[in-house]
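1. structure for this input, please:
(one chain, ligands or ions: 2)
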Amino acid sequence: MEDIKPATEDLMNEHGLLNRIMIVYDLCVEKRAHFAEVVVLTEIVKDFIENFHEKMEETYIFPAFKGSKYEELIELLIKQHRASADLTSSIVTQAKNNDAAVFDSITSFLKMYRLHSSREDTIVFRKYRKLVDTAELRRVSKLIDDLEDERYGKNGFDMLLGRVIVVEQLLGIYIG
Ligand SMILES: [Fe+2]
Ligand SMILES: [Fe+2]
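-> Ligands and ions are numbered 1, 2, ... in the order given. Predicted coordinates:
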């Protein structure tokens, strides 16, 4: 695996990016402000987290758990992916309308997604490494990496992180 980052690490890095978005979301809820910045962040959540990251999990990681004792957890995680899409749709509409209901929607998203990503980081990704052999991990890691390059370009992650950093700087909470 020395030449390619394991898919599990890649997905955890993506959780890191989402965590930075969620820290900005926390600030927006606390201040009950920054509707425009919320809209910018939802574009990344929708495109990168919901339409890419979650799809990779459902297509390449979750199937490895079929027949394991984690099937119920995987079912819950898939349900949460759907809930995430619904909440983000509400957040977009409400933020665009400067509707204060957006802060309740963001709070629900934060509560759900923190639980979600914590279970993936501490259970799913760790167990996945035990469920598949090195060849399969390598195959899936390469596949996800190629799909990410195809969709976002070679420096896709940096480009997306850069968009989050712009918002962090705008709100005065950039550290790095
Ligand atoms: Fe997930
Ligand atoms: Fe995830």
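
2. quick check: closest non-adjacent residue to V38.
-> Distances taken as Cβ to Cβ, 6 or more residues apart in numbering place A95 nearest to V38, at 4.2 Å, with adjacent residues excluded. Bear in mind the C-beta positions are built from the backbone N, C-alpha and C, glycine included.

3. ok, now L161?
-> Closest to L161 by Cβ to Cβ, 6+ apart is L17, at 5.8 Å.

4. isn't the one you found up against G156?
-> No - when contacts are counted by Cβ atoms under 8 Å, L17 is not listed as touching G156 (10.9 Å).

5. which one's more surrounded, the two?
-> Shown here are L17 and G156; by other Cβ atoms under 10 Å, L17 has more neighbours (19 against 15).

6. how close does that one get to D26?
-> To D26, L17 is 15 Å away according to Cβ to Cβ, to the nearest Å.

7. helix/strand/coil for S68?
-> coil (DSSP: H, G, I helix; E, B strand; the rest coil).

8. who are the contact partners of the residue nearest to it when sequence neighbours are not counted?
-> Spatial nearest neighbour of S68, excluding adjacent residues (Cβ to Cβ, 6+ apart): L131 at 7.0 Å. When contacts are counted by Cβ atoms under 8 Å, 6 or more residues apart in numbering, L131 touches A64, F65, S68.

9. again with F157
-> F157 is in contact with N13, E14, L17, E148, counting by Cβ under 8 Å, 6+ apart.

10. narrow the residues you listed to those that are buried.
-> Neighbour counting with 16 or more other Cβ atoms under 10 Å marks E14, L17, E148 as buried within those.

11. need these in TSV (columns: secondary structure, pLDDT and distance to D121).
-> What follows is the buried ones among the contacts of F157, written out as TSV (DSSP: H, G, I helix; E, B strand; the rest coil; pLDDT from 0 to 100; distance: Cβ to Cβ, whole Å):
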residue	secondary structure	pLDDT	distance to D121
E14	helix	98	11
L17	helix	98	13
E148	helix	97	19
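
12. what's the per-residue pLDDT of the residue nearest the centre of the chain here?
-> With the centre of the chain defined as its mean C-alpha position, the nearest residue by Cα atoms, centre = their mean is I49, 3.9 Å away. Reported pLDDT at I49 in the predicted model: 98.

13. so it sits against N19, correct?
-> No - counting by Cβ under 8 Å, no contact exists between I49 and N19, whose distance comes to 10.9 Å.

14. tell me the mean pLDDT over stretch 125-145?
-> Mean per-residue pLDDT for stretch 125-145: 97.

15. right, I'll call it a day here.
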